[in-house]
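Undergrad: sequence first, then the predicted structure:
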Amino acid sequence: MNLKELGYTDLIEETRKELQLEQFGIGRIVAEHKERYVVRAADGEYEAEITGNMRFTARSREDFPAVGDWVALTVFDADFAIIHQVLPRYSVLKRQAVSHSGEVQMIAANIDYAFLVQAVDRDFNLNRLERYLTISYSSNVSPIIVLTKTDLIDEQPITEITESINHRIKDVPVLAISNETRDGYEALNNVIEKGKTYCLLGSSGVGKSTLLNNLSGQNRMKTDAISKSTNKGRHVTSHRELTILENGGILIDNPGMREVGIADTTSGLETTFDDIMDLAQQCRFKDCTHTTEAGCAVLTAVEKGEIDQSAYENYMKMEREKNHFESTVAERRKKDKQFGKIVKDYKKKDMKNKGR
Ligand SMILES: Nc1nc2c(ncn2[C@@H]2O[C@H](COP(=O)(O)OP(=O)(O)OP(=O)(O)O)[C@@H](O)[C@H]2O)c(=O)[nH]1
Ligand SMILES: [Zn+2]
């Protein structure tokens with residue numbers, strides 16, 4: 001397999017040289033399961049683990065490899081490799097973990113484009129679309145809107161939906177397709193670039209799996225489980241989460257992708273709601289919350305109808321979620337610090353006691 005087919009670029013090559021990682025092999029993570037990885041390299045696929053040093057120095061989940069990462073590796077057996085380093089990522093899709101407040105869960109790395117998938121029948125919802133947009137922007141992934149199930153409704157309502165999107169969301173391509181009749185597939189295939197990495201974001205049932213299956217043709221690998229024991233008695237069972245499509249595009253799809261929420265989206269919110277952000281500069285008070293203040297330029301624009309009432313409400317809702325997320329993170333850091341201090345004080349006392 002040619003590395004370029006896996007998404008390798010000149011930029012990654014330069015970075016690899018700069019970091020003096022040329023003496024190592026290079027590969028891309030195609031699956032991950034509990035700190036066991038499957039890496040695809042030019043000469044084959046390897047089951048892999050990270051070095052003890054990497055695990056020891058890791059400060060957070062983000063220091064571990066994720067699907068889509070490029071890694072420097074050493075091959076040991078015919079099918080086993082050790083990962084030494086994760087190459088710098090140009091984009092990261094992450095989400096706030098549900099169980100531990102504030103903790104971030106890595107979903108995938110080095111994605112170029114996200115297909116924001118909504119079905120035109122019942123699923124269609126502009127607010128949710130804006131939410132996915134925000135996630136894309138804050139992850140440094142370019143959005144492409146894909147409307148599915150066009151076979152289920154007439155042309156007129158589809159046009160209306162497209163217009164309503166264009167009214168609220170600027171500069172994002174909108175494609176309408178049917179996975180049933182394959183209407184719109186040609187346009188979609190033209191959008192997909194060889195060697196670029198894509199992901200699918202959208203609610204359950206909108207047709208993501210069907211789309212992936214149709215686009216991957218014979219190349220579909222996700223369904224065949226990778227399960228093999230090596231001579232060292234290791235055993236890994238997982239699903240490949242990175243598929244090379246028939247037209248050369250690369251698609252990452254995994255369970256985490258289907259539960260993407262909001263985390264660290266400050267800059268994303270600014271891009272999605274840049275009209276609102278611009279107006280906010282003109283509010284009378286610097287710390288305006290755009291709720292009840294006199295001289296609030298945002299509220300004035302909403303009243304005048306210059307800003308969509310629902311866009312405003314959606315913005316406020318996401319701001320609240322973001323603030324809540326940030327405060328849980330701050331709270332956790334504070335607790336960690338306090339705990340650190342307790343441990344330190346304890347050690348001091350212990351030393352004193354021993355000194356006696
Ligand atoms: N009529 C019609 N049905 C579709 C279309 N795309 C998908 N479906 C059907 O919708 C159902 C859900 O499709 P999936 O591809 O499983 O949806 P998904 O987004 O992968 O759902 P999750 O796996 O739950 O995230 C299936 O019964 C599909 O056959 C479409 O374009 N038109
Ligand atoms: Zn204001």
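TA: That came through, no problem. Ligands and ions are numbered 1, 2, ... in the order given.

Undergrad: quick one, domains of this structure?
TA: 3-86, 92-226+235-259, 273-352 (automatic domain parsing).

Undergrad: in CSV, list the ones you listed along with mean pLDDT and mean neighbour count.
TA: (Glycine included, C-beta is placed from N, CA and C.) As requested, those are exported to CSV (pLDDT from 0 to 100; neighbours: other Cβ atoms under 10 Å):
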stretch, mean pLDDT, mean neighbour count
domain 3-86, 93, 17
domain 92-226+235-259, 85, 18
domain 273-352, 78, 14
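
Undergrad: now render those domains as JSON lines, adding distance to ligand 2.
TA: Listed next are the domains of the chain as JSON lines, based on distance: least, Cβ to the ion, whole Å:
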{"stretch": "domain 3-86", "distance to ligand 2": "34"}
{"stretch": "domain 92-226+235-259", "distance to ligand 2": "19"}
{"stretch": "domain 273-352", "distance to ligand 2": "3"}
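
Undergrad: so which of these gets nearest ligand 1?
TA: Among these, the nearest to ligand 1 by Cβ to the nearest ligand atom is domain 92-226+235-259 (2.8 Å).

Undergrad: max-length strand in the chain?
TA: Longest strand in the chain by number of residues (criterion: DSSP state E): strand 25-33.

Undergrad: what angle sits between the helix or strand that comes right after it and strand 25-33?
TA: Heading C-terminal from strand 25-33, the first helix or strand you meet, by DSSP states H and E, is strand 36-41. Note on geometry: by axes from the mean of the first three to the mean of the last three Cα atoms, to 10 degrees, strand 36-41 and strand 25-33 are set 140 degrees apart in direction.

Undergrad: isn't there a strand covering residue 163?
TA: No. Under DSSP: H, G, I helix; E, B strand; the rest coil, residue 163 sits outside any strand and is assigned helix.

Undergrad: show me where the chain has helices.
TA: Assigned by DSSP state H, the helices in the chain fall at 10-18, 52-57, 126-139, 155-168, 185-191, 208-216, 266-272, 274-280, 297-304, 309-355.

Undergrad: which among these is found nearest to residue 34?
TA: helix 52-57 (12.6 Å; Cβ to Cβ).

Undergrad: and the closest one, what other elements does it pack with?
TA: If contacts are counted by 3 or more Cβ pairs under 8 Å, 6 or more residues apart in numbering; DSSP states H and E, helix 52-57 sits against strand 80-86.

Undergrad: who does the strand it packs on pair with, and is each partner parallel or antiparallel?
TA: Strand 80-86 has these partner strands in its sheet, going by DSSP bridges: strand 44-50 (parallel), strand 70-75 (antiparallel).

Undergrad: next one: the last one to chain centre, how far?
TA: In this case it means strand 70-75. Distance of strand 70-75 from the chain centroid (Cα atoms, centre = their mean, to the nearest Å) equals 22 Å.

Undergrad: what residues does this protein put near ligand 1?
TA: Selection of the chain residues close to ligand 1 by Cβ under 6 Å from any ligand atom yields 148-149, 151-152, 178-180, 202, 204-210, 258.

Undergrad: any idea which of those is closest to residue 186?
TA: residue 178 (12.1 Å).

Undergrad: the closest one and residue 149 touch, don't they?
TA: Yes. With contact defined as Cβ atoms under 8 Å, residue 178 counts as touching residue 149 (6.4 Å).

Undergrad: name the helices or strands packed onto the longest strand of the chain?
TA: Looks like strand 25-33 contacts strand 36-41, strand 44-50, strand 70-75, strand 235-238, strand 242-244 (3+ Cβ pairs under 8 Å, 6+ apart).

Undergrad: show me what that strand is in contact with.
TA: By Cβ atoms under 8 Å, 6 or more residues apart in numbering, the residues outside strand 25-33 that reach it are 3, 6-8, 16, 37-42, 45-46, 48, 65-75, 81, 109, 226, 236-242.

Undergrad: swap in 6 Å and give it another go.
TA: Residues outside strand 25-33 that contact it (Cβ atoms under 6 Å, 6 or more residues apart in numbering): 6, 37-41, 65, 67, 69-70, 73, 75, 238, 240-242.

Undergrad: and that strand, which strands flank it?
TA: strand 36-41 (antiparallel), strand 70-75 (antiparallel).
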